[in-house]
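**Q** Got a predicted structure plus its sequence, pasted below:
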Amino acid sequence: MFHLKTSFVRRAALGALAALTLAAAVPGGAAAAAPEPVQWAALGDSYTSGVFVGDPSPALGSTDRDGCDRSTGAYPNLVAAGLAATPPGGRAVTLTDVSCGAATIAEIASARQTPISPVEPPEGGWPGVAEQVRRAGLGARTDVVTIGIGGNSLPFGKMFTSCLLLGFGQADDATPCRDAYEGGGPVLDQESIHDKYDRVTREYARMLRAVRQAAPHARIITVGYPTIVPEDGTSCDRRDTHELAVDVEGAGRLAATHGDVAWLHEVNTHLNSIIEAITELSDGTFVDTATGSVGHDACQPKGAKWVEGVCGEAGPYWPSGLAVGFLALKCSDGDRATLVHPNAAGHRHTAARVEAAVRAALTPTST
């Protein structure tokens, strides 16, 4: 009996030793597991979705296409690739990108959107999509939310089109667009630029509160707009559709004046300042993409510009002409209707800054 008992104890001890050895081989023992992936949601408009940069995502012909014009070359995808190559803190990052071309501030958290993609629209047009907070599935487990929104709520695109029209036949240094918007009234939409700034400020603050409520533990990172047009409008060629001129059927070539280009630069700068101020008041992080993109605006030559002009380079799936309001814009010589949006270089620039902000957000701070 003594021999059998001793053998039993010996076997038990050897078994325990083996278990300890295996536990030591895996940090944390058998209870240790791979850290949960970081949950990151990217929200925003066409400056986030990428529209014509890279290939359409979802791919052409896919039943998952929703009319939002996301593309493979957009900065969220570039950031995701960088984070996958070197995971922050050893944690994989899962990206949910629901950005959508033409989205407004309200369509982030409080309103449905009807996409307007010109690429393979279904008969009858694109169906509406839910607000981006809902589509992204934000919740208590969301770790990071990036948001690039605001321009369509001014709306900057409509203002730019107005500047094209009002610039017709005007001297280079004239400012008909600035004069109209600073005064408001029936010439345009009866909302002065100052009223627009006030409204956008309120809308942005409400939107960030809604995002915070939906994702209470997430780090919120807002992304400003790049330098779209130059501070000095005289650097723009009013005859060049690769810059800020456009051919309109029945109207000829239109272009904003140099004076109004400089004013549009001020508008872009002021919008960024609103986004930055509200973000800081909301305990978020603002990513400045304007400072680093000075000298790479839409009026720069090919190779230097990070923002395409009214017409520019894009994939063959992107149209060469588009209807903007009641205007029919047409590009020629193989150009596409890029409508003053970032190109691949512009998205790489934004990606570098957003990736740095995401990594910083996921790095524990010492106390």
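**A** Okay, I see it. Numbers count the residues shown, from 1 in each chain.
**Q** and stretch 164-177, how far from the chain's centre?
**A** With CA atoms, centre = their mean, to the nearest Å as the basis, stretch 164-177 stands 30 Å off its chain's centre.
**Q** what about that stretch, start to end distance?
**A** 9 Å (CA to CA, to the nearest Å).
**Q** buried residues in that stretch?
**A** Neighbour-count burial for stretch 164-177 flags 164-167, 170, 174-177 (criterion: 16 or more other CB atoms under 10 Å). (C-beta placed from N, C-alpha, C; glycine too.)
**Q** same deal with stretch 320-332?
**A** For stretch 320-332, by 16+ other CB under 10 Å, it's 320-322, 324, 327, 329-331.
**Q** Specify the beta-bridge partners of P56.
**A** For P56, the beta-bridge partners under DSSP bridges are S71.
**Q** Would you quantify the distance from it to A130?
**A** 21 Å (CB to CB, to the nearest Å).
**Q** Neighbour count for those two, which is higher?
**A** With neighbours defined as other CB atoms under 10 Å, P56 and A130 compare such that P56 has more, 22 against 13.
**Q** from memory that one sits against D69, does it?
**A** Yes. Counting by CB atoms under 8 Å, P56 touches D69, with 7.4 Å between them.
**Q** overlap in contacts of the two?
**A** Residues within reach of P56 and of D69 at once, by CB atoms under 8 Å, 6 or more residues apart in numbering, are V119.
**Q** Ramachandran coordinates for V38?
**A** Backbone torsions of V38, given as degrees, to the nearest 10, read phi -70, psi 130.
**Q** Could you count how many residues lie near it?
**A** 20.
**Q** ok so, going back, turn the buried residues of stretch 320-332 into TSV, including pLDDT, secondary structure and distance to T350.
**A** Below are the buried residues of stretch 320-332 laid out as TSV (pLDDT from 0 to 100; DSSP: H, G, I helix; E, B strand; the rest coil; distance: CB to CB, whole Å):
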residue	pLDDT	secondary structure	distance to T350
S320	95	coil	26
G321	92	strand	27
L322	90	strand	24
V324	78	strand	24
L327	79	strand	29
L329	88	strand	25
K330	91	strand	29
C331	93	coil	24
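**Q** Could you identify the most distant pair in these?
**A** Within these, S320 and L327 form the most distant pair, 14.9 Å apart (CB to CB).
**Q** in a strand, that's where T94 is, yeah?
**A** Yes. T94 sits within a strand when classified using DSSP: H, G, I helix; E, B strand; the rest coil.
**Q** which residues are contacting stretch 332-344?
**A** 46-47, 51-54, 73, 157, 160, 226, 228-229, 241-242, 244, 247, 298, 305-315, 318-322, 324, 329-331, 350.
**Q** Show only the entries of the residues you listed found in strands.
**A** Those of the contacts of stretch 332-344 mapping onto strands are 247, 321-322, 324, 329-330, per DSSP state E.
**Q** Please identify which of these is nearest to V358.
**A** Distances from V358 to the ones in strands among the contacts of stretch 332-344, taken by CB to CB, are shortest for L322, at 33.1 Å.
**Q** Tell me the bridge partners for the closest one.
**A** With DSSP bridges as the rule, L322 is bridged to L329.
**Q** picking up where we left off before, tabulate the buried residues of stretch 320-332 (JSON lines), appending distance to A256.
**A** What follows is these, written out as JSON lines (distance: CB to CB, whole Å):
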{"residue": "S320", "distance to A256": "21"}
{"residue": "G321", "distance to A256": "20"}
{"residue": "L322", "distance to A256": "18"}
{"residue": "V324", "distance to A256": "14"}
{"residue": "L327", "distance to A256": "14"}
{"residue": "L329", "distance to A256": "14"}
{"residue": "K330", "distance to A256": "18"}
{"residue": "C331", "distance to A256": "17"}
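**Q** Model confidence at the closest residue to A361 other than its chain neighbours, what's the number?
**A** The shortest distance from A361 to any non-neighbouring residue, by CB to CB, 6 or more residues apart in numbering, is to R219 (3.9 Å). pLDDT, R219: 98.
**Q** number of nearby residues for R219?
**A** If you count neighbours by other CB under 10 Å, R219 ends up with 19.
**Q** was I right about it contacting I147?
**A** No. If you go by CB under 8 Å, R219 and I147 don't touch, sitting 11.6 Å apart.
**Q** Export only the CA atoms of the host helix or strand of W40, formatted as PDB.
**A** Assessed by DSSP states H and E, W40 sits inside strand 38-44. Presented in PDB, the C-alpha positions along strand 38-44 are these (Å, rounded to 0.1, in the frame of the first residue of the first chain):
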ATOM      1  CA  VAL A  38      -9.600  47.500 -31.200                       C
ATOM      2  CA  GLN A  39     -12.900  48.500 -32.600                       C
ATOM      3  CA  TRP A  40     -12.600  51.600 -34.800                       C
ATOM      4  CA  ALA A  41     -15.400  53.300 -36.700                       C
ATOM      5  CA  ALA A  42     -14.700  55.800 -39.500                       C
ATOM      6  CA  LEU A  43     -17.500  58.300 -40.200                       C
ATOM      7  CA  GLY A  44     -17.500  61.100 -42.600                       C
END
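**Q** Can you list the strands that it pairs with?
**A** strand 93-97 (parallel), strand 144-148 (parallel).
**Q** for the first one, the distance to its chain's centre please.
**A** In other words, strand 93-97. Using CA atoms, centre = their mean, the offset of strand 93-97 from its chain centre is 14 Å.
**Q** Tell me which residues of that strand come out buried.
**A** Quick answer for strand 93-97 (16+ other CB under 10 Å): 93, 95-97.
**Q** farthest-separated two in the residues you listed?
**A** Across the buried residues of strand 93-97, no pair lies farther apart than V93 and D97, at 12.1 Å, counting by CB to CB.
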